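# Dropping a prediction and its sequence here:
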Amino acid sequence: SQLLILGIPGMRLISLASATALMLVNTRYLKQLTSAAITVGCGISLIGFLLWDGIPSFPQPSGQDWWVVGAIAILTLWLSRSWLLRVSKIQDNQSQFKTSNQQTNLQKANLQQTNLQQTNLQQTNLQQTNLQQTNLPKLYAQAMDGWAIALFIFQLILLTCYSLIVYIGFGSPTWFMLIVNAVTLGAIAYRSFPYPSNWAIYGIGWSVELLTTEALGLLDHPLINLAVANTVLGLIAQLLGDWWRRRSNLDKIPSSWHIIPLLYGSLGPVLSWGTFTNWTGLLSFALAIIAIGVGRRRAEFKPLIYLALFGVSVSAYQLLLYQLSQLGGGAKGDGLIIMAVLGTSIMYAYRVLSPWLKGYLHFTPKELKVISDLHWVWSSCLLIAATTEPIESAMMLGFSTGAFLVIYAISQGRNRFNRQLGEIWVYLGFAEAWGMRLYWINTPVARLLSGPLVPWKGAIASLVAYFLYFLPWENWGWSKRPWQIAAFLIPLIAIAENPYSGNLASLVIIAAFYIILAIVNQQIRFTFISVVVIDWMLLRWFGQLHLTAALWYVLPLSLSLLYIAQVDPYLSEPPQKQIRHNLRLIGTSIICLVSFWTAQWLGLLTGGISVVLIFAGLAMKVRAFIYVGTGTFLINAIYQLLIFSFDYPFSKWVVALFVGIGFIWIAATFETRRDQITAWMNQFQSWE
């Protein structure tokens, strides 16, 4: 019925006044919260429309005056609530005193009664009667509190919209609205004191934000100022939350103490989004500090600390990038190196401050180590990426940074509990050292090695590798495997980098190094590397001697094949007998064919080689030598006889006569010694 007459100025006041008076009477008898809430609502509506229509001798509110009316209404409702609660408490005390006296008199009157249940029932009825008499102030206090909360939320929404309009540019801040925000904040603070609820803290935080927004709107550059102010509010809220936690001596505090600082801190970077100033990194750093302070309160908030630590690194890089942007110019590689320096510094800071951070962040040493390792990966990627870009002035800085990264990786390899992980770290350290070679090739030592000491580079590498291989790494906490692998590769890398620069003595030292490894490890295959190095040394030596005969260059390779076939353990096994035989055939055939082809008119060398092979086959009982030696000898003899026959025609008859006599002798011998020859053939089949 009230809705039908709200549009009639005079009638609505009479109607609301009547409704308020009627509901006062109803609430007195009904004693229900709903009835009390309607009564308070009618009263608020009556006062509101009374102000709207105008009171004689009182200025009519207009425009922004209604903001003040709302703030005063909220404050008045909460003040009335406090007064009603005090009245209710006084009435409760009086009622309890009266009930106590009545219970005493009732117990004296019923001393002769034995029915105790009836006495208790009378006492209970008496207490309920007294309580009902004191419920009315509490009902009105609850009703006023509910209406005040509703008006407070509505007021905050309107003030928020007004602040947005101001910052968008469609309005202007005023001192009048600043006072409205202050009164609203004072109202919620009064309502919450001294034990604010969770939602009350949210309301206070919202009100403080609006008050700050309105106050800073009166200044120049409101956005950056508001971003800084929100960051400060976040830090203050986080410290207040810690203080509240210690004051209350509680393990768990209201969630608002966790969320409000994060919201304040997040508004700093959000409001400064799109601008890159000297404040950008500081705002991000402050947000990270707030998140750390909140995250360390409870174990389930630990992921928040991870994000915060990531934010610390991001803020540090924001500060660095801003400083670099102010310098201007410079090579891109220099900037990447400086970024790698920052990451390396953060990495070592985590390691040095680990004892303190472990207790403050409630982290385990393993968790802190993981964070340091991630910074190592990031810094290493930056440092290696810098080698692909132009570098002007930060070469030595890059070398120093890389040295610290390599030291960190190798130190992490000192792991007695997880050998495999330790080996991986050492390998990563070696890979890091190899990846940053652009930096260390410009050091004085590297220039010396690339200058006067280039011929002895292989020998120096072998000396370094020798110590790396035989030092007691296991006694120092490392696994010896990665160090030995590195020592194994270093001389080969030295040869690969300068294959034509090293002198022959340096190559001999390298070959001797691998022979030593073969003896120490009882691994004959290590000598294969020595064989390759010696072959390369001989080829270079033959080139220096200006030897042009192909046999000189084929001989080392063929002898290497024969050496491998002779000593390789795998080829010594019976199933691999055919492979070993084939290698010997290939090695000896190459020597004989090259000798025969390049020295056709001088058959003595080929004949001598074939005879040596035959005797070697007989001495070592190797069929491949006998096959190739005999075949080469016959081919060479026939070829020489043909040449002799063409040069001296008459001699071919003499040669034919001797050949015929030889065949007759062979046939006669075979017939007379058939059994012995058969035994020789059987024995020959058992040879290698």
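It's in.
# Please work out the average pLDDT along the helix or strand in which Ala518 is found.
If you go by DSSP states H and E, Ala518 is part of helix 504-521. On average, the pLDDT along helix 504-521 is 93.
# The very next helix or strand once past that helix packs against which elements?
Remark: after helix 504-521, the chain's next helix or strand is helix 526-544, criterion DSSP H and E. Where contact means 3 or more Cβ pairs under 8 Å, 6 or more residues apart in numbering; DSSP states H and E, helix 526-544 is packed against helix 480-497, helix 504-521, helix 550-567. Glycine gets a C-beta too; all of them are placed from N, C-alpha and C.
# Show me what the last one is packed up against.
The one in question is helix 550-567. Under the contact definition 3+ Cβ pairs under 8 Å, 6+ apart, helix 550-567 sits against helix 526-544, helix 577-598.
# Point out where the protein drops to low pLDDT.
In the predicted model of the chain, residues 1-12, 16, 54-63, 97-135, 220-222, 449-450, 599-603, 644-660, 662-688 satisfy pLDDT under 70.
# With distance to Phe49 and mean neighbour count added, can I get the helices and strands packed on helix 526-544 in a markdown table?
Shown next, in a markdown table, are these (distance: least, Cβ to Cβ, whole Å; neighbours: other Cβ atoms under 10 Å):
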| stretch | distance to Phe49 | mean neighbour count |
| --- | --- | --- |
| helix 480-497 | 87 | 19 |
| helix 504-521 | 102 | 19 |
| helix 550-567 | 110 | 17 |
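# Turn the ones you listed into a markdown table, including distance to Gly48.
Listed next are the helices and strands packed on helix 526-544 as a markdown table, based on distance: least, Cβ to Cβ, whole Å:
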| stretch | distance to Gly48 |
| --- | --- |
| helix 480-497 | 83 |
| helix 504-521 | 98 |
| helix 550-567 | 106 |
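# quick one, which of the ones you listed is nearest to Gly587?
Among the helices and strands packed on helix 526-544, helix 550-567 comes nearest to Gly587, with 3.8 Å by Cβ to Cβ.
# hmm, back to that, the helix holding Ala518 packs against which elements?
helix 457-470, helix 480-497, helix 526-544.
# Render the CA-only coordinates of the last one in CSV, please.
Coordinates of the C-alpha atoms in helix 526-544 are reproduced here as CSV (Å, rounded to 0.1, in the frame of the first residue of the first chain):
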residue,chain,number,x,y,z
PHE,A,526,92.1,-46.4,-25.8
THR,A,527,95.2,-47.1,-27.9
PHE,A,528,93.1,-46.8,-31.0
ILE,A,529,93.0,-43.1,-30.4
SER,A,530,96.7,-43.1,-30.1
VAL,A,531,96.9,-44.9,-33.4
VAL,A,532,94.8,-42.3,-35.1
VAL,A,533,96.9,-39.5,-33.6
ILE,A,534,100.1,-41.2,-34.7
ASP,A,535,98.7,-41.7,-38.2
TRP,A,536,97.9,-38.0,-38.4
MET,A,537,101.4,-37.2,-37.1
LEU,A,538,103.0,-39.4,-39.7
LEU,A,539,100.8,-38.0,-42.5
ARG,A,540,101.8,-34.5,-41.5
TRP,A,541,105.5,-35.5,-41.2
PHE,A,542,105.4,-37.1,-44.7
GLY,A,543,103.9,-33.9,-46.0
GLN,A,544,106.7,-31.9,-44.4
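# Run through who's touching that helix.
Applying Cβ atoms under 8 Å, 6 or more residues apart in numbering, the contact partners of helix 526-544 are 492, 495, 499-500, 504, 507-508, 510-512, 514-515, 517-518, 552-553, 556-557, 560, 563-564, 567.
# what's the angle from that helix to helix 457-470?
Put simply, helix 526-544 runs at 170 degrees to helix 457-470, going by axes from the mean of the first three to the mean of the last three Cα atoms, to 10 degrees.
# Where does Pro569 sit: helix, strand or coil?
The local conformation at Pro569, judged by DSSP: H, G, I helix; E, B strand; the rest coil, is coil.
# actually Thr388, sorry about that
The three-state assignment at Thr388 reads coil, by three-state DSSP.
# dump the residue contacts of it.
Gly333.
# again, only this time at 10 Å
Counting by Cβ atoms under 10 Å, 6 or more residues apart in numbering, Thr388 touches 332-333, 336, 438.
# Kindly indicate which of those lies nearest Gly629.
Gly629 lies nearest to Leu438 out of the contacts of Thr388, by Cβ to Cβ, at 55.0 Å.
# nearest residue to Gly205 other than its sequence neighbours?
Ile260 (4.2 Å; Cβ to Cβ, 6 or more residues apart in numbering).
# was I right about that neighbour contacting Ser207?
No. Using Cβ atoms under 10 Å, Ile260 is not in contact with Ser207; the gap is 11.5 Å.
# now for the helix or strand Ile153 falls within, which elements pack on it?
Assigned by DSSP H and E, Ile153 belongs to helix 135-168. Identification of packing neighbours for helix 135-168 by 3 or more Cβ pairs under 10 Å, 6 or more residues apart in numbering; DSSP states H and E yields helix 9-30, helix 33-53, helix 65-109, helix 175-192, helix 198-217, helix 222-248.
# Isn't Cys592 up against Gly631?
Yes. Counting by Cβ under 10 Å, Cys592 touches Gly631, with 8.0 Å between them.
# So which of these two has more stuff around it?
Cys592 (22 against 15; other Cβ atoms under 10 Å).
# From Ile609, how far out is that one?
Cys592 sits at a distance of 6 Å from Ile609 (criterion: Cβ to Cβ, to the nearest Å).
# So which bits of the strand or helix carrying Ile384 are buried?
Per DSSP H and E, Ile384 falls inside helix 365-386. The neighbour-count check on helix 365-386 (16 or more other Cβ atoms under 10 Å) flags 367-368, 371-376, 378-380, 382-386 as buried.
# May I have it exported as CSV, CA atoms only?
Extracted C-alpha coordinates of helix 365-386, given in CSV (Å, rounded to 0.1, in the frame of the first residue of the first chain):
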residue,chain,number,x,y,z
PRO,A,365,67.0,-26.2,1.8
LYS,A,366,65.9,-28.3,-1.2
GLU,A,367,63.3,-25.7,-2.2
LEU,A,368,65.7,-22.8,-1.9
LYS,A,369,68.2,-24.8,-4.0
VAL,A,370,65.6,-25.3,-6.7
ILE,A,371,65.0,-21.6,-6.9
SER,A,372,68.8,-20.9,-7.2
ASP,A,373,69.0,-23.6,-9.9
LEU,A,374,66.3,-21.9,-11.9
HIS,A,375,68.2,-18.6,-11.8
TRP,A,376,71.3,-20.5,-12.9
VAL,A,377,69.4,-21.8,-16.0
TRP,A,378,68.0,-18.4,-16.8
SER,A,379,71.4,-16.6,-16.4
SER,A,380,73.2,-19.2,-18.4
CYS,A,381,70.7,-18.9,-21.3
LEU,A,382,71.1,-15.1,-21.2
LEU,A,383,74.9,-15.4,-21.2
ILE,A,384,75.0,-17.9,-24.1
ALA,A,385,72.4,-15.9,-26.0
ALA,A,386,74.6,-12.8,-25.7
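# Done for today, thanks.
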